[in-house]
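K.L.:
attaching a predicted model along with its sequence, questions to come.
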Amino acid sequence: MIFGRLLRGFSSNIGIDLGTANTAVFVEGKGIVLYEPSIVAIDTKSKKILAVGKEAKEMVGKTPENIQAIRPLRHGVISDFEVTQAMLTYFIKKVLGKSILKPKPITVIGVPTGITPVEKRAVEDAAKSAGAREVYLIAEPMAAAIGAGLPVEEPIGNMIVDIGGGTTDIAVISLAGIVVSNSLRVAGDEMNEAIIQFIKRKLHLLIGEQTAERIKIEIGSAIMEEEEKEMEIRGRDMTGLPKTEVITNHMVTEALEETVNSIVNAVRTTLEKTPPELASDIAERGIVLAGGGALLKNLDKKIEQETGIKAKYAEEPLTSVAKGLGKVLENIDLIRRISME
């Protein structure tokens, strides 16, 4: 036991928000030290990894046939085990460095609430293969709520809506437990895809994922704005030639309507299943939004319009889960109480 404590003192334990779009790593005593895209570039002929993270993202849609930019996670879970393992190994080595004397870290990983036992095992195995000593899986909305500073251990109803790249996780939390939850495989990626398909249908223009992401960030809105804004976009027409078109914020809101409604309806369904005492706490305290997907303009207003409950953003929505995992690392008893079986 004394040896275990000594080992813990020497090792830099880590929290990993393993997201579909981005991975954030929190190192005990240092804070968030890495925030990079969950993308790996591989040479399909030699199977050699050419780039990971930011470098790999720059290659998306621009690679020759033999180089593939792979996103090894889909809807918050592992879709390519070997590539995820390689990506985790790269990120862990990058933040901790290589040292023979340094013990393997205790690793806490955020995962969606709707994860299956097979998917859980894949995350645990990938982390252990990448160099973790012990692996604890924490539900992402629980981690996001802790990162947002909500009093999760108190007998108070806290509602968190964590919208990432691949999943939207909604949870009502009280006494360090998830009372009601809803995991939806509709989030930021689906918003991008909706924009791509809308532009293809309406403007007969083919655009890539990165252009769709830029459109969403610059002129996207969850509700129809009074003022019309325009944005020039480039892609290729149906004959394959480069073409420039103009898109408006009203068109983007129309493109996103179905996806946004799916998320809002999931929030309403979760509220309907919430015990009355906790629901009254939420009505008083509001709904907290976290995750990159939640940053879509006016999403807070849309949720408030549809539920009648004030929605507000966590202080740092993009890193709420990673910050929460970092806080959990300081409390081994809390890790054991809230980790998934």
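P.N.:
Happy to help now that I have it. From a predicted model like this one, the values you see are computed outputs, not experimental measurements.
K.L.:
CA atoms for contacts and neighbours, from now on please.
P.N.:
OK.
K.L.:
so what's I178 scoring on pLDDT?
P.N.:
For I178, the pLDDT comes out at 96.
K.L.:
that one: which element?
P.N.:
If you go by DSSP states H and E, I178 is part of strand 177-184.
K.L.:
what's the offset of that strand from the middle of its chain?
P.N.:
16 Å (CA atoms, centre = their mean, to the nearest Å).
K.L.:
and for stretch 89-97?
P.N.:
20 Å.
K.L.:
neighbouring contacts of the strand or helix carrying A122?
P.N.:
Element membership of A122, judged by DSSP H and E, is helix 117-129. Helix 117-129 has contacts (CA atoms under 8 Å, 6 or more residues apart in numbering) with 77-78, 81-82, 84-85, 88-89, 107, 134-137.
K.L.:
after it, next one along is what?
P.N.:
strand 134-139.
K.L.:
buried residues, that next one. List them.
P.N.:
Using 16 or more other CA atoms under 10 Å as the test for burial, strand 134-139 gives 135-139.
K.L.:
helix, strand, or coil at the closest residue to A130 other than its chain neighbours?
P.N.:
Of all residues not flanking A130 in the chain, T89 sits nearest, at 4.3 Å (CA to CA, 6 or more residues apart in numbering). Secondary structure assignment for T89 (DSSP: H, G, I helix; E, B strand; the rest coil): helix.
K.L.:
quick one: residues contacting T89.
P.N.:
Counting by CA under 8 Å, 6+ apart, T89 has contacts 127, 129-131.
K.L.:
same list (the residues you listed) but as TSV, adding pLDDT and distance to F198.
P.N.:
Converted to TSV, the contacts of T89 look like this (pLDDT from 0 to 100; distance: CA to CA, whole Å):
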residue	pLDDT	distance to F198
A127	90	38
S129	88	41
A130	86	40
G131	86	43
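K.L.:
OK, contacts around the residue nearest the centre of the chain?
P.N.:
By CA atoms, centre = their mean, the chain has its centre lying nearest to G164, at 3.2 Å. With contact taken as CA under 8 Å, 6+ apart, G164 is in contact with 19-21, 187-188, 291-294.
K.L.:
how far away is the residue lying closest to Y90 once chain neighbours are set aside from L88?
P.N.:
Among residues not flanking Y90 along the chain, V52 sits closest, at 7.6 Å (CA to CA, 6+ apart). According to CA to CA, to the nearest Å, V52 stands 10 Å off from L88.
K.L.:
same question, A255
P.N.:
A255 is 35 Å from L88, by CA to CA.
K.L.:
what do you get for E257?
P.N.:
35 Å.
K.L.:
helix, strand or coil for the residue nearest to L18 when sequence neighbours are not counted?
P.N.:
In this structure, L18 finds its nearest non-sequential neighbour in G110, 6.4 Å apart by CA to CA, 6+ apart. Classification of G110 by three-state DSSP places it in strand.
K.L.:
G110 bridge partners, please.
P.N.:
D17, I138 (DSSP bridges).
K.L.:
residues contacting it?
P.N.:
15-18, 137-140, 143, 321-322, 325.
K.L.:
which residues in the stretch 201-341 of the chain form helices?
P.N.:
For the stretch 201-341 of the chain, applying DSSP state H, counting those that start in this stretch gives helices covering 209-219, 249-273, 276-285, 299-307, 320-329, 332-338.
K.L.:
please disregard the earlier target; I meant the stretch 51-200 of the chain.
P.N.:
Under DSSP H, counting those that start in this stretch, the stretch 51-200 of the chain gives helices at 54-57, 81-96, 117-129, 140-147, 188-203.
K.L.:
any buried residues in stretch 173-185, and which?
P.N.:
For stretch 173-185, by 16+ other CA under 10 Å, it's 173-174, 176-185.
K.L.:
what does stretch 289-296 contact?
P.N.:
144, 160-165, 187-188, 216-217, 220-222, 300, 311-314, 316-321.
K.L.:
and the gap between the residue nearest to A130 and T253?
P.N.:
39 Å.
K.L.:
tell me the pLDDT of the residue nearest to L18.
P.N.:
On the pLDDT scale, G110 gets 93.
K.L.:
reformat the contacts of G110 as TSV; add pLDDT and distance to Q197.
P.N.:
Below are those laid out as TSV (pLDDT from 0 to 100; distance: CA to CA, whole Å):
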residue	pLDDT	distance to Q197
G15	95	36
I16	94	33
D17	94	29
L18	89	27
L137	95	35
I138	95	34
A139	94	32
E140	93	29
A143	96	33
V321	96	30
A322	95	32
L325	96	36
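K.L.:
ok, those residues vs F26, which is closest?
P.N.:
F26 lies nearest to G15 out of these, by CA to CA, at 4.9 Å.
K.L.:
thought the closest one was touching T319?
P.N.:
No: in this structure, G15 is not within contact of T319 by CA atoms under 8 Å, at 11.5 Å.
K.L.:
higher neighbour count, the two?
P.N.:
Set side by side, G15 and T319 show more neighbours around G15, with 31 against 24, by other CA atoms under 10 Å.
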